[in-house]
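Enquirer: Generate a structure from the sequence data that follows.
(one chain, ligands or ions: 1)
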Amino acid sequence: MKIIKLDAIDSTNSFLKNLSVNSTVQDFTIVMAKEQTSGKGQMNAKWVVDGGKNLTFSVFSCFDDLEISNQKYLSFGVSLAVFETLNELKLPKLAIKWPNDILSVNKKLAGILIENNLKGNKITSSVIGIGINVNQEIFSKDLPNATSIKKIVNKEFDLDILLNEILIRLKSKLELLHKKDYAFLEKQYLSVLYKKNVPSMFKNNQNILFMGKIIGVSENGKLQIELENETIKEFGLKEVSF
Ligand code: BTN
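Expert: Numbers count the residues shown, from 1 in each chain. The predicted structure is shown next:
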């Protein structure tokens, strides 16, 4: 395992992606940065870090035989690795919010951005970007839903120790993925999925509110919500908020 530690970079994901295009990158190479000037979040959002207080890193992972249609299991494995590590810290009401946000007491603690290199219908390698709010105490008013481990448990955590714990778990989840133990990853993921089986309010992409309950994730990675009339609808990332 090779860890590259940087003081500042545009984005650890972009750095690793460029590295993999221009040279051979070993499986499980990690890039960690104290600052990101153009941190990338899901759906083209920005990921802003509070210099040196949070964990900001990307992991390069190679695959021999991972079909694009099975990419949701990679997302399950990565979010479970982060979830299980944070769960050791006894954070209250910890859950994975579909697809792969980590929440504690309904606020976002960590985000994941996975960028894949494809060949035909296979994922040959992925850059797995993980941002965890660890010791940050002040958040911008634009991020009312963000929190940190320190804000919740009132204690500082050593970033290197936390990183190491996550990497150990990530390795074992990736092994499950290599062994195609998809059913086990799905079972673990669904057991900690935020609002699963809880009647809740959702908003669709036309800003229409509706009631339903999350019952699972479809074959193609969409969120399955059972509506009040018991029909099941599937939603992609930009199609629903809750
Ligand atoms: C999200 O929007 O929830 C995903 C956030 C992912 C942020 C991490 S920080 C390390 C890596 N580098 C990036 O530019 N983004 C990811």
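
Enquirer: Contact partners for Asp65?
Expert: Lys122 (CB atoms under 8 Å, 6 or more residues apart in numbering). Where you see a C-beta, it was placed from the backbone N, CA and C, and this is true even at glycine.

Enquirer: can you do 10 Å?
Expert: Counting by CB atoms under 10 Å, 6 or more residues apart in numbering, Asp65 touches 122-124, 178, 180.

Enquirer: can you check Asp101 too?
Expert: With CB under 10 Å, 6+ apart, Asp101 has these contacts: 42, 79, 82, 95, 108-112, 145, 194.

Enquirer: Could you export those residues as a markdown table, including distance to Phe210?
Expert: Below are the contacts of Asp101 laid out as a markdown table (distance: CB to CB, whole Å):
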| residue | distance to Phe210 |
| --- | --- |
| Gln42 | 23 |
| Ser79 | 26 |
| Val82 | 30 |
| Ala95 | 21 |
| Lys108 | 23 |
| Leu109 | 27 |
| Ala110 | 28 |
| Gly111 | 26 |
| Ile112 | 27 |
| Asn145 | 21 |
| Tyr194 | 18 |
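
Enquirer: Drop anything exposed from those residues.
Expert: 42, 79, 82, 95, 108-112, 194 (16 or more other CB atoms under 10 Å).

Enquirer: Check whether Lys72 sits in a helix, strand or coil.
Expert: Recorded secondary structure, Lys72: helix (DSSP: H, G, I helix; E, B strand; the rest coil).

Enquirer: now do Ile112
Expert: Ile112 - assigned by three-state DSSP - is strand.

Enquirer: what's the answer for Ile161, then?
Expert: helix.

Enquirer: distance of it from Leu89?
Expert: 11 Å (CB to CB, to the nearest Å).

Enquirer: Neighbour count for these two, which is higher?
Expert: Between Ile161 and Leu89, counted using other CB atoms under 10 Å, Leu89 has the larger neighbour count: 15 against 9.

Enquirer: Help me confirm that that one comes into contact with Ile152.
Expert: Yes: in this structure, Leu89 is within contact of Ile152 by CB atoms under 10 Å, at 8.8 Å.

Enquirer: what residues are shared contacts of these two?
Expert: In contact with both Leu89 and Ile152: Ser104, using CB under 10 Å, 6+ apart.

Enquirer: Just the buried ones from the contacts of Asp65?
Expert: Of the contacts of Asp65, these count as buried by 16+ other CB under 10 Å: 122-123.

Enquirer: nearest to Leu237, of the contacts of Asp65?
Expert: Distance to Leu237, by CB to CB, is smallest for Ile123 among the contacts of Asp65, at 17.8 Å.

Enquirer: Quick check: bridge partners of the residue of the chain found nearest the ligand?
Expert: The ligand sits closest to Gly111 of the chain, with a gap of 2.2 Å, by CB to the nearest ligand atom. Per DSSP bridges, the residues bridged to Gly111 are Gly131.

Enquirer: Who are the contact partners of it?
Expert: Per CB under 10 Å, 6+ apart, neighbours of Gly111: 39-42, 45, 47, 79, 82, 97, 100-102, 129-133, 146.

Enquirer: Repeat that for Pro99.
Expert: 42, 72, 75-76, 79, 112, 114, 189, 193, 217, 221-223, 236-237.

Enquirer: So which of these belong to strands?
Expert: 112, 114, 217, 223 (DSSP state E).
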